[in-house]
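Participant: below is the sequence, then the predicted model.
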Amino acid sequence: MAQNALLSTRGYLQRKWAPALTQLTCAAYGTSATQWFRRFLSPKEEKDLYLGLTATFRDKLTEKTTYSAKSYSNIIEQAILNGRNHPNLPPRGKLSHERMQEIPHAIDLAGKIQDTTQLEAIQREMEEAEISTVTLYNRLIRGFIQSNAIELADNVFERLQSNHLLPTTRTMTYLIRAHVKKNNLEKARLYVEKMQHLSLNKLRTAFDYSVMLEYSIINGDSHAVDFLWRDILKYAEIVKPGMGLYTQHLDYLTFRPELHSNLAEVAEEMLRRGVASPTSFQWNPHAGQILSKTVFTLAQNPEYATTSSQLLIFLIKASPHPWQPLSPLDQSINLIINAFLKRGQDLKALAFYYRLKRHNAPDNAFSAETTRSISDVLSKAEHRQHMDASQENKAILAEFSLLGQIP
């Protein structure tokens, strides 16, 4: 009985004091985080502690990041310095500032007079001085090409690679163009592949686009030609395509009847951009022949009569001797006038005729049939009591008033 009474008393004490003991234990030994902070920190102290810990963490993180960046930079610099001491490279030398200024002119002069001996001497001088300016090596390549020494130009490229210098896009296009001109298409293809491998095929100059267009045209890669031309138009504000690029593409399109709609688009784009302007175009016979051929090709399709007439007027303005020889301009003139008349665009035919006469077109530029047709149109216009007041005709009549009377 005594034992039972003791157990009963113990159970009673546990039930009565257990909650108080549990709370005391938590407060004393921190088994609850919230109770611990309520016991030892005020809200303000808790906030200050939190901000202090996070600030210290951020400072340490910044310090480690800066140290890592500096270490990485030091590694790169050390690699570059060690690379310059590569056993395959020539010993370090020095060139004065004055000599550095002279080298580009010396290269250009040697290339102009085709002095390969002088160019090779300059190349040795640059390599001994460890010149790393790739544009100077590009000049050397151009000089060797001008001197008809393509093998030596190839050698400059090989030396660039052995000296751990990265070529530029112009390095590659100089060499591609040289081998295309010599019909070494396989060698040109290898340079194109290297160009792509080195990610140097992001073209942004008219010269580089011209080279790649020429390479693609010779290889019959119409998809590449179309891609390059779209890229030129996309970056026209940077590339600033001139008459050279336009005539190159027009020449390609005139030989492909299935692309004559593209031919008209390119001609219209050229006129719209002001490239085909006498003030911005310096005449050269080759461009004149291509433009004349383009006019004749477009004139054979009545749908492109307006475009061909605008291009022909530009050609007459730009040419120093537009009527000598007359053919094939006379063929285009008659095709264009007849195309306007067949499409019922009498006033356009008259406007075109008056423009030609204003630019001193000789009478034999017009066939007898064309002359009779123009006379008939003039007679109808004189006896017509009510002129068509469409916007198109208003514009053409306004143009007539500017042209004045033709004797």
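Facilitator: Good, I have the coordinates. Numbering: from 1, shown residues only.

Participant: could you count how many residues lie near Ile113?
Facilitator: 11 (other CB atoms under 10 Å). The way it works is simple: take the backbone N, C-alpha and C, and place the C-beta from them, glycine included.

Participant: how near is it to His105?
Facilitator: Separation of Ile113 from His105 (CB to CB, to the nearest Å): 13 Å.

Participant: what about the helices in the stretch 301-407 of the chain?
Facilitator: If DSSP state H, counting those that start in this stretch is used as the criterion, the helices of the stretch 301-407 of the chain fall at 305-318, 329-342, 346-358, 368-383, 391-403.

Participant: can you redo those as JSON lines with distance to Val211, mean pLDDT and mean neighbour count?
Facilitator: Converted to JSON lines, the helices of the stretch 301-407 of the chain look like this (distance: least, CB to CB, whole Å; pLDDT from 0 to 100; neighbours: other CB atoms under 10 Å):
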{"stretch": "helix 305-318", "distance to Val211": "26", "mean pLDDT": "92", "mean neighbour count": "22"}
{"stretch": "helix 329-342", "distance to Val211": "31", "mean pLDDT": "93", "mean neighbour count": "22"}
{"stretch": "helix 346-358", "distance to Val211": "38", "mean pLDDT": "92", "mean neighbour count": "21"}
{"stretch": "helix 368-383", "distance to Val211": "43", "mean pLDDT": "85", "mean neighbour count": "13"}
{"stretch": "helix 391-403", "distance to Val211": "42", "mean pLDDT": "52", "mean neighbour count": "12"}
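
Participant: make CSV from the ones you listed and add distance to His286 to it.
Facilitator: Converted to CSV, the helices of the stretch 301-407 of the chain look like this (distance: least, CB to CB, whole Å):
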stretch, distance to His286
helix 305-318, 13
helix 329-342, 17
helix 346-358, 24
helix 368-383, 29
helix 391-403, 32
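
Participant: nearest to Gln123, out of those helices?
Facilitator: Checking those against Gln123 by CB to CB gives helix 305-318 as the closest, at 42.4 Å.

Participant: tell me which of the helices of the stretch 301-407 of the chain lies nearest to Ser96.
Facilitator: For these, proximity to Ser96 was assessed by CB to CB; helix 305-318 is nearest, at 48.2 Å.

Participant: restricting to C-alpha, output the closest one in PDB.
Facilitator: Output in PDB follows, covering the C-alpha atoms of helix 305-318 (Å, rounded to 0.1, in the frame of the first residue of the first chain):
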ATOM      1  CA  ALA A 305       8.600  50.000-118.300                       C
ATOM      2  CA  THR A 306       8.600  52.700-115.600                       C
ATOM      3  CA  THR A 307      11.700  51.300-113.800                       C
ATOM      4  CA  SER A 308      13.600  50.900-117.100                       C
ATOM      5  CA  SER A 309      12.700  54.400-118.200                       C
ATOM      6  CA  GLN A 310      14.000  55.900-114.900                       C
ATOM      7  CA  LEU A 311      17.200  53.900-115.100                       C
ATOM      8  CA  LEU A 312      17.800  54.900-118.700                       C
ATOM      9  CA  ILE A 313      17.300  58.700-117.900                       C
ATOM     10  CA  PHE A 314      19.900  58.300-115.100                       C
ATOM     11  CA  LEU A 315      22.300  56.600-117.600                       C
ATOM     12  CA  ILE A 316      21.900  59.400-120.000                       C
ATOM     13  CA  LYS A 317      22.600  62.000-117.300                       C
ATOM     14  CA  ALA A 318      25.600  60.200-115.900                       C
END
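
Participant: list the contacts of it.
Facilitator: By CB atoms under 8 Å, 6 or more residues apart in numbering, the residues outside helix 305-318 that reach it are 264, 267-268, 271, 276-278, 281, 283, 288, 291-292, 294-295, 298-299, 322, 329, 332-333, 335-336, 339-340, 343, 345, 348, 352, 355-356, 359, 361.

Participant: of all the helices of the stretch 301-407 of the chain, which one is nearest Leu140?
Facilitator: Closest approach to Leu140 among these (CB to CB): helix 305-318, 37.0 Å.

Participant: quick one: distance of the closest one to the chain centre.
Facilitator: Mean-position distance between helix 305-318 and its chain equals 28 Å (CA atoms, centre = their mean, to the nearest Å).

Participant: right, I'll leave it there.
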